[in-house]
Structure formats: C-alpha cells, structure tokens
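Colleague: Quick one, fold the following:
(one chain, ligands or ions: 2)
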Amino acid sequence: MNDFKDKTVYQVYVKSFCDSNGDGIGDIKGVTEKLDYLSGLGVDFLWLNPVFISPQNDGGYDVADYVNIEPMFGTMDDLDELIEKADEKGLGIMLDMVFNHTSTQHEWFQKALAGDPEYQDYYIFKDGDPDTPPTNWVSKFGGNAWEYVPKLGKWYLHLFDKTQADLNWENPKVREELKNVIRFWKKKGVKGFRFDVVNLISKPEVYENDDRGDGRRFYTDGPKIHEYLHELVHDTGIKDMITVGEMSSTTLDNCIGYSNPDNEELSMVFNFHHLKVDYKNGDKWQLQEPDLKQLNDLIRTWQLGMQENNGWNAVFWCNHDQPRVVSRLGDDGKYWKESAKMLATFVHMLRGTPYVYQGEELGMPNAHFDDIDSYRDVESKNYYQILLDEGKTKQEALEILGERSRDNARTPMQWDDGANAGFTTGEPWISVPKIKPEANTIAEAEDPDSITAYYKKLIALRKELPVIAGGTISFPESDDSDLMIYERSDDNDKLYIVNNLTDKEKSVKIPEDFVNAEVLIGNYEDFKPEAEAALRPYEAVVLHKKN
Ligand code: GLC
Ligand code: CA
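Modeller: Ligands and ions are numbered 1, 2, ... in the order given. Presented below is the predicted three-dimensional model:
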C-alpha cells in the first residue's frame, strides 16, 4: 500500500500560484502554464487546495458543490486539461476533500434550512433555546461552535466558520454521498486525495459541555473514525492511491492506526505537534521562542513510534495554514539561504514522504504586513478582534498576526522580481511580502547555489539513494537540543544527518564510522567530518558511508 516513500508532493495554493487572466486571482490554467517549472523540481504529485464551487469565506474550504469548479479558478475543462498535461509530465494531481463540513451555501444545507428533515439529518442540528447553545464548544476560528437558526428553532454545529456546517457522518446517506464524490474524481483521473481535518468527522454520541477545554476531546479522533475512514477508502477502491489525512490535535496511536497498511485507511498522515513548539501554553495566539528541546523530543517520539508500528508520516514544515518556516525557525535576514536549506535537509532526510509548499523552495518569507487591511483570512480577522477585546493594543495584535497569520503563507508565488512578483498583471487579491524580492524563480534558476537548487538536489537524492526513502531511522544520545541529529540505515548505506538549528557556531562529535565520510549534501562548502567537527550557523550536513 505504501509506494510513496520515494515520492515528493508539492502543494499548490491555486489562488496565489499563477493568475492566467489578470483578474488578480490564481487559477487552474495558471497551474497548467507552470507545469514545466513544477516538473523541473523533480516532484511527483501536485496537491491542489480546493478549487470547487465556494463562496470563499475560508479560502475554498467552504465547499458549496464538490463536483463543479469555482468560476474564479476556471472550468472543468481547465481541470481536465491540467490532469492530462500533468500526467504527460509524470505529475499526479491530488485533490483536497473537505468532508468534515460543507458551506452553508451547499444545496444540502439549503434544503435543511428550508425545513426538509431528510437534509437536516445531513448536519448536526439540535433543538434549543436561542440563548443557550447546546454545548460550550469553541470554534477553531474563535467564538462558540453553534449557530442558531431562528426559523427552525434549532442550532447547528460548526467547528470552523459559521458558514461551514459540520456534516453528520452517523448518517449512512452522507457517507454514500461523499463516496460518490471520491468516485467522481477518481474517474476523472486524479491520482490521490488529501482529506481536510478528517480526524474530526466522528462526533460523540452525546453532546456535553467540556469543563476542561474547548470540546476538542469529544470529537478529535472520535469514536468511529477508523471505521469511517476504512469504509470510505475500501468502498471507493482508493487504497492504492496516495491519500493523506490532515489530523488535528491527534495522537501517535491514532496516526499509527490511520496509516498502517493492514488497516486499509490512508497512506500517510499530517500531524502538527512539531509546529506548536512556539505556542506559549499551547496557545497559537501567544508568542514564544521555539522550544528546541520540545522539537527534538517530538520528532524523535513520532519518528520512532511510527517506525516501530509500521505507520507512515507526511513530513513537512509549511502549508497554506502555517507561517513560512524560514521566518519561523530560520532567519529571513542574515542567514536566509543557510537556514532555509538547513530546514529543508532536516525534513527531507526524515522517515516519511516530504511535502513542499509553493514558494518554500524559494525561501519565501512571512508577509511582514503591518496593517490589518492587508489581511484576508477569516481566522486572522477574527483573532485580531479577539486580541483587541482581550486588551492588546493594535500594535501588539499586529505583531502576533505577523508571526501567526495564515496569510503569511498565502502571498503570491514569486515568479520574478517585477510588479506583483510576476504573479498577475492585475491587482493581486493579497499583496507580495515586503522583503525578499530575490526569492523568485528567475533569480534562483540562475544561481547554482540557490535554495531552489538545493531542494532539487534533495528531491533527486531520494530517488537515487534508497536509504533516504526506505531506511530505518535512529537517534543517537544527545543532550544538545540546538542540534537535530539522526541516522538512517539500510543493508547498503548509512547516513548521519546533523542540523544546527541556531545562528551560533557549534561543535559536534562525529561517530567513528562517519569520521572522514563522504559529504552527500550540505549547505556550506568544505565541511570537515572530523571526530570533533565545527558547525557554522544553521549548518546542515549529511554524511554517507557504505554499510
Ligand atoms: C484545514 C485547512 C484549513 C481550513 C480548515 C477548515 O485545517 O487546511 O485551511 O480552514 O481545515 O476546513
Ligand atoms: Ca485568474
């Protein structure tokens, strides 16, 4: 079931990738135009963020029709063309299935609102008093997770925006409808699927207040989640396709279950624990310096735990919901190139299938917006207000958004250093970052030492040296969390990977076996693999020996 170990997935946030018609919004034709660039990177799959009919209250994660294309992104013919042309270049298209909820504009929800009990059972409606929501659960975008519909005298559940109503997976008709969506796209020739917040679909039998939190413990990795996933995959015959689940606040045990081939669920999973090491008290909206000890411990625990139980990770730093990693864990100033390459090495040498998010291969930085009007994201706008209500000044609130907003990842792909970074000839729907115009595809193609050139090498190495895709991973004893060190090994080869996570010079003990070993790849010239080796700021090095 897992033939995806030597593959690399590239994520395309269509809205910000390439605008083919000058309306300021990226579109499907824009992706087709850039297929040469994408295949030149050496990646195998393109995961497209949702391009389905949607009022775009949440960037397309509010789907109003799963089997038709949103006009701002193009037409079904455009998508057919993309699937075909991508295929010719050996690139498989993966679509994003948002099955936890639909837009309230979806026909099913509209019928429910009109009073049809059959469709009300597609969602989670509860009778109740207009002043008291059924539970105290909190929406992931802030505020209570229930919305009252006066003319029905009922509340409906929305774990995200109030225009994203949660589906009732208990209802077999809902499950059948969603299977038909998969069947439809499978027939179109797509090669895989990403499942949005899919570990939230199984809700508890009883809805009760959460006295110890925001309600997530009742529905995260819920009671029937494994059953539902197995059924969806089995009944649609997609077990041999690439499938990845986005797992919100999940556990290692559940992720083993989701991705162990014996269970016939998914081929791999995203978890986000390593991207919370800079959340103070686990709260995204409170800043702290990244806790490198915690990062080390989490990587080790998840890598070893998945390996021991035949699970498989999707490994990544960036996506359309995360701030840019070079600004977050690296340095988008002095050590821009070095830190971007180190972070790439860190992820691409782990055990798992790597995902590259558009612009990551350029070292694109955070947006560095300094006024609230530059922001577009519903979550950012909601939390800006919540932070002000909590007593933060505008300046403080903007500083937090500057670090945490999802819009940091959603600025236009930087094709060149001209107007709007070559993304559009019109007015872009969101502006280009204030810094790093040099993070663009033209400049990086000309520079053999660019961040893009380095990503290409990493992606190619995965196919050349099987130990990267299939070797076991182990972690030597180390008490220095400033360094991320691990070893990969198979019958033929072994690798020793050292990453300096800091802007300080560090020294590292190289095990005897690897002293004077070949440097497979590294982000500085002339690393000397001596017993006591010196690392420069953000240095990454991969040492290689025959086994
Ligand atoms: C996932 C998506 C995110 C979206 C949310 C609700 O986390 O990645 O962009 O807002 O689900 O669908
Ligand atoms: Ca367009």
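
Colleague: Count the neighbours of the residue in the stretch 201-350 of the chain positioned nearest to ligand 2 for me.
Modeller: Nearest residue of the stretch 201-350 of the chain to ligand 2: His320, at 17.6 Å (CB to the ion). Glycine gets a C-beta too; all of them are placed from N, C-alpha and C. When neighbours are counted by other CB atoms under 10 Å, His320 registers 22.

Colleague: now Asp36
Modeller: Using other CB under 10 Å, Asp36 is surrounded by 8 other residues.

Colleague: quick check, distance from the one helix or strand it maps to to the centre of its chain.
Modeller: If you go by DSSP states H and E, Asp36 is part of helix 35-41. On the basis of CA atoms, centre = their mean, to the nearest Å, helix 35-41 sits 20 Å off its chain's mean C-alpha point.

Colleague: And for that helix, what's in contact with it?
Modeller: Residues outside helix 35-41 that contact it (CB atoms under 8 Å, 6 or more residues apart in numbering): 10, 12, 31, 46, 85-86, 89-91, 356, 361, 441, 452, 455-456, 459.

Colleague: please redo it, this time with the cut-off set to 10 Å
Modeller: Around helix 35-41, the neighbours that count as contacts under CB atoms under 10 Å, 6 or more residues apart in numbering are 8, 10, 12, 17-18, 31, 34, 46, 82, 85-86, 88-91, 356, 358, 361, 413, 415, 441, 445, 452, 455-456, 459-460.

Colleague: what about whichever residue of the stretch 51-200 of the chain sits closest to ligand 2, neighbour count?
Modeller: For the stretch 51-200 of the chain, the residue closest to ligand 2 is Met72, as judged by CB to the ion, at 6.7 Å. Neighbour count for Met72, taken as other CB under 10 Å: 19.

Colleague: separation between the residue lying closest to it once chain neighbours are set aside and ligand 2?
Modeller: For Met72, ignoring the flanking residues on the chain, the nearest one in space by CB to CB, 6 or more residues apart in numbering is Ile25 at 5.2 Å. According to CB to the ion, to the nearest Å, Ile25 and ligand 2 sit 4 Å apart.

Colleague: one step back: hmm, the residue of the stretch 51-200 of the chain closest to ligand 2 is touching Gly59, no?
Modeller: No: Met72 is beyond contact range of Gly59, at 11.5 Å (criterion: CB atoms under 10 Å).

Colleague: list residues touching both of the two?
Modeller: Residues within reach of Met72 and of Gly59 at once, by CB under 10 Å, 6+ apart, are 14-15.

Colleague: Skipping its backbone neighbours, what lies nearest Lys434 in space?
Modeller: Nearest in space to Lys434, with sequence neighbours left out and distances taken as CB to CB, 6+ apart, is His368 at 4.3 Å.

Colleague: Can you classify that neighbour by secondary structure?
Modeller: The assignment at His368 comes out as coil when based on DSSP: H, G, I helix; E, B strand; the rest coil.

Colleague: Can you get me a residue count around the closest residue to ligand 1 within the stretch 401-547 of the chain?
Modeller: For the stretch 401-547 of the chain, the residue closest to ligand 1 is Arg406, as judged by CB to the nearest ligand atom, at 6.8 Å. Using other CB under 10 Å, Arg406 has 20 other residues around it.

Colleague: Mind telling me what element Asn516 is part of?
Modeller: Using DSSP H and E, no helix or strand contains Asn516.

Colleague: quick one: it from ligand 2, how far?
Modeller: 54 Å.

Colleague: For that residue, report the pLDDT, please.
Modeller: The score at Asn516 is 97. That number is its pLDDT.

Colleague: Now do the same contact list for Met97.
Modeller: The neighbourhood of Met97, defined by CB under 10 Å, 6+ apart, consists of 50, 52, 63, 66, 178, 181-182, 185, 193-196, 198, 232, 243, 245.

Colleague: So which of those is the closest to ligand 1?
Modeller: Distance to ligand 1 across these (CB to the nearest ligand atom) is lowest for Asp196, with 4.7 Å.

Colleague: phi, psi of the closest one?
Modeller: Asp196 adopts backbone torsions of phi -70, psi 140, taken as degrees, to the nearest 10.

Colleague: Can stretch 45-63 be said to contact ligand 1?
Modeller: Yes: legend: contact between stretch 45-63 and ligand 1 by CB under 6 Å from any ligand atom is shown at 58, 61.

Colleague: Now that stretch: buried residues?
Modeller: 45-54, 56-63 (16 or more other CB atoms under 10 Å).

Colleague: Please list the members of those residues that lie in strands.
Modeller: For the buried residues of stretch 45-63, membership in strands holds for 45-48, 52-53, with DSSP state E as the criterion.

Colleague: ok, back up a step: could you pull up the contacting residues of the residue of the stretch 201-350 of the chain closest to ligand 2?
Modeller: By CB under 10 Å, 6+ apart, the residues touching His320 are 11-13, 15-16, 49, 59-61, 96, 357-358, 377, 406-410.

Colleague: Break this protein down into its structural domains.
Modeller: Domains of the chain are assigned by automatic domain parsing as 9-102+172-371+411-458, 107-166, 372-404, 470-546.

Colleague: Give me the distance between the two termini of the shortest one.
Modeller: With CA to CA, to the nearest Å applied, domain 372-404 spans 13 Å between its terminal residues.

Colleague: Show me what from the stretch 151-300 of the chain comes close to ligand 2.
Modeller: Within the stretch 151-300 of the chain, no position lies close to ligand 2 (CB under 5 Å from the ion).

Colleague: isn't Lys546 right next to Lys494, touching?
Modeller: Yes: checked against CB under 10 Å, the pair Lys546 and Lys494 is within contact range at 8.0 Å.

Colleague: higher neighbour count, these two?
Modeller: Between Lys546 and Lys494, counted using other CB under 10 Å, the more crowded position is Lys494 (21 against 8).

Colleague: Tell me how far the more buried one lies from Val541.
Modeller: Distance, Lys494 to Val541, using CB to CB, to the nearest Å: 14 Å.

Colleague: Ok, Met484 next?
Modeller: Here Met484 is placed at a distance of 12 Å from Val541 (CB to CB).

Colleague: Also Lys337?
Modeller: Distance, Lys337 to Val541, using CB to CB: 15 Å.

Colleague: between those two, who's got more neighbours?
Modeller: Each of Lys337 and Val541 has its neighbours counted (other CB under 10 Å); Val541 has more, 26 against 21.

Colleague: The residue of the stretch 201-350 of the chain closest to ligand 2: what's its closest spatial neighbour, skipping adjacent residues?
Modeller: Among residues not flanking His320 along the chain, Tyr13 sits closest, at 4.7 Å (CB to CB, 6+ apart).

Colleague: Near the one you found, how many residues? Count them for me, please.
Modeller: Tyr13 is flanked by 22 other residues according to other CB under 10 Å.

Colleague: The one 4 residues further on now?
Modeller: Residues within reach of Phe17, counting by other CB under 10 Å, total 25.

Colleague: Ok, Glu265 next?
Modeller: Neighbour count for Glu265, taken as other CB under 10 Å: 26.

Colleague: cool, Gly391 as well?
Modeller: Look at Gly391: counted by other CB under 10 Å, it has 7 neighbours.

Colleague: What pLDDT is listed against it?
Modeller: At Gly391, the model reports a pLDDT of 98.

Colleague: Quick check: Pro433 touching Val326?
Modeller: No: the pair Pro433 and Val326 fails to qualify as a contact (CB under 10 Å) at a distance of 11.2 Å.

Colleague: These two: which is more packed in?
Modeller: Val326 (31 against 22).
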